[in-house]
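Student: for reference, the sequence and a predicted model appear below.
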Amino acid sequence: METNFARNRTQLAKLCPCGKNNRDGKFAPSKENPEKGYCHSCTKWFDSESKEIVKQETQVLKPIDYHPSNLVGKSFKNENNKFLKFLKSKFDSKKVDEVFNLYKVGSSRHWEGATVFWQIDNLDRPRYGKIMLYNEETGKRIQEPFPHFTNIHTVLKLKDFNHKQCLFGLHLLPSNKKPIAIVESEKTAIIMSLVDESYLWLAVGGKGNFKYEVLEPLTGKEVFAFPDVGETIWNEISNRLNDTGFNITVSDALENKKFPKGYDLADVVLQQLAESPKEVIEPEPKTGIPATEEKQTKKEIDFASLNGGKVDNQQVNELERLKGGLQIDSSELSQLAKQIIPENDSRTQRELLISLNEIKGISGSDGKDLLLIMQMKQIIDYSKAGYYFLADSTPY
């Protein structure tokens, strides 16, 4: 006989017949009888009609093992860290060091220049150390002749080490007052922390780790999830978790832009940097006159036409910030969005690009990039019909 399972499993059956709490939705009750169904945790069928009493085996739970804190500190010798060198070729060196220290990212000699992403919980206990090797030039993981990925307890040959992973960056949660953003990889969390400080960026450390056991410390907190392109399962999981006290909003900004499967926020940032490389600061000339005063840069000449041929330093600085991608302050972007999109109304991309050109002198791909950033920061939204509107003031 075919069993029809209920979708609202956590509401229909608060407990599994075996006695376990069903807040994670692992017990799937039938529509006809909530006491009948299949438990994915017990891997057993329960049939109330059989009156069979299922005897639960007593299991001795082994306590979680943690790495000593001094081991984390010993890994902070990052002079040869290839991931660090890559980031410093793209971002401000001092800022990169600050973010590395904040997230307690270390190095390993297991492979020359390898990175250690420590998973430290909200009680400051080191649970797991993921070791990965990156290409210093491209910032991508080394996959040949084999994937360069392992962990600390394997390298130390701790065979009985009972680890339980947690969110990367979780140790920052107790003092956090920002909205929380979840991404898949530690690399993406680090890069997004460099370009957008309006969120606390955390990483699950793998698409399979977007689950209750890992996300539990975020119960009741405002969370925005940014899955890789094509990772639709996050929507299903978040909907189920939101029924149990979570407050997770899954962004579809990257999906709407038709990026290739597997693309993530870090890929967007690095693509923008490749198209508009980090500006090199010229050293002060021997005359003592700042280089910016000795000659007018090409960008200043381009912007001069916006002001009758005269260069307005304030105007130049504003345009530079607006073209700086994800480093733009969210409040500044919100004000600009309200200038180009009326409240409770919508606009096409063409209309918005015209407005950006008229108001700020931004056009072409720069304007499109700016609209994408507004979407990523949840300032504006985009409908399937092709219209943009303010995220907090929908016309529909």
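Tutor: Okay, I see it.

Student: domain assignment for this structure?
Tutor: 9-50, 69-155, 170-256, 296-390 (automatic domain parsing).

Student: what's the closest of those domains to residue 164?
Tutor: domain 69-155 (6.1 Å; Cβ to Cβ). In this view, the C-beta of every residue, glycine as well, is placed from N, C-alpha and C.

Student: follow-up on the earlier one: in CSV, list the domains of the chain along with mean neighbour count and mean pLDDT.
Tutor: Output for these, formatted as CSV (neighbours: other Cβ atoms under 10 Å; pLDDT from 0 to 100):
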stretch, mean neighbour count, mean pLDDT
domain 9-50, 17, 66
domain 69-155, 17, 96
domain 170-256, 18, 94
domain 296-390, 16, 68
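
Student: which one of those domains lies nearest to residue 63?
Tutor: Across those, closest to residue 63 is domain 69-155 (Cβ to Cβ), at 11.8 Å.

Student: ends of that closest one, what's the gap?
Tutor: One end of domain 69-155 sits 17 Å from the other (Cα to Cα, to the nearest Å).

Student: swap in stretch 199-217?
Tutor: Termini of stretch 199-217 sit 17 Å apart (Cα to Cα).

Student: now stretch 162-178
Tutor: Per Cα to Cα, stretch 162-178 runs 32 Å from first to last residue.

Student: so in that sheet, which strands flank the helix or strand hosting residue 182, and in what orientation?
Tutor: Here residue 182, judged by DSSP states H and E, is contained in strand 180-183. Note on strand 180-183: by DSSP bridges, its sheet partners are strand 200-203 (parallel), strand 222-225 (parallel).

Student: need the next SSE after the first one, C-terminal direction.
Tutor: Put plainly, it is strand 200-203. From strand 200-203, the next helix or strand downstream (DSSP H and E) is helix 212-215.

Student: just the residues contacting that following helix, thanks.
Tutor: For helix 212-215, contacts defined as Cβ atoms under 8 Å, 6 or more residues apart in numbering pick out 23-24, 164-167, 182, 204, 223, 241, 244, 246, 248.

Student: what's the answer for stretch 115-123, then?
Tutor: Contacts for stretch 115-123 (Cβ under 8 Å, 6+ apart): 72, 75, 81-84, 103-108, 126-134, 152, 165-168, 170-171, 173-174, 186, 203, 205, 217.

Student: mean confidence for stretch 273-281?
Tutor: The average pLDDT within stretch 273-281 is 58.

Student: quick check: the residue nearest to residue 88 when sequence neighbours are not counted vs residue 198, distance?
Tutor: Once flanking residues are discounted, residue 88 sits nearest to residue 96: 5.2 Å by Cβ to Cβ, 6 or more residues apart in numbering. The gap separating residue 96 from residue 198 is 19 Å, by Cβ to Cβ, to the nearest Å.

Student: try residue 134
Tutor: 26 Å.

Student: again with residue 274
Tutor: Taking Cβ to Cβ, one finds residue 274 at 24 Å from residue 198.

Student: you'd agree residue 180 is up against residue 219?
Tutor: No - Residue 180 sits out of contact with residue 219 when judged by Cβ atoms under 8 Å, with a separation of 11.5 Å.

Student: one step back: distance to residue 361 added to the strands paired with strand 180-183, as a markdown table?
Tutor: Compiled in a markdown table, these are given as follows (distance: least, Cβ to Cβ, whole Å):
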| stretch | distance to residue 361 |
| --- | --- |
| strand 200-203 | 31 |
| strand 222-225 | 31 |
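
Student: which one of these lies nearest to residue 264?
Tutor: strand 200-203 (10.4 Å).

Student: can you give me the offset of that closest one from its chain's centre?
Tutor: Distance of strand 200-203 from its chain centroid, counting by Cα atoms, centre = their mean, to the nearest Å, is 6 Å.

Student: so what touches that strand?
Tutor: Strand 200-203 is contacted from outside by 117, 167-170, 172-173, 176, 178-186, 188-190, 192-193, using Cβ under 8 Å, 6+ apart.

Student: 6 Å instead, please
Tutor: 167-169, 176, 178, 180-183, 185-186, 189, 192-193 (Cβ atoms under 6 Å, 6 or more residues apart in numbering).

Student: of all the domains of the chain, which one comes closest to residue 264?
Tutor: Using Cβ to Cβ, the nearest of the domains of the chain to residue 264 is domain 170-256, at 4.6 Å.

Student: that closest one spans what distance, first to last residue?
Tutor: 30 Å.

Student: again with stretch 149-169
Tutor: Taking Cα to Cα, the first and last residues of stretch 149-169 lie 19 Å apart.

Student: same deal with stretch 78-97?
Tutor: From start residue to end residue, stretch 78-97 stretches across 10 Å - Cα to Cα.

Student: run the chain-centre distance for that stretch.
Tutor: 19 Å.

Student: just stretch 75-89 next, same as before
Tutor: The answer for stretch 75-89 is 21 Å, by Cα atoms, centre = their mean.

Student: out of the strands paired with strand 180-183, which gets nearest to residue 254?
Tutor: Here strand 222-225 is closest among the strands paired with strand 180-183 (Cβ to Cβ), at 11.6 Å.

Student: beyond the closest one, next helix or strand please.
Tutor: Following strand 222-225 in sequence, per DSSP H and E, is helix 233-242.

Student: from residue 222, how far out is residue 145?
Tutor: Distance from residue 145 to residue 222, by Cβ to Cβ: 44 Å.
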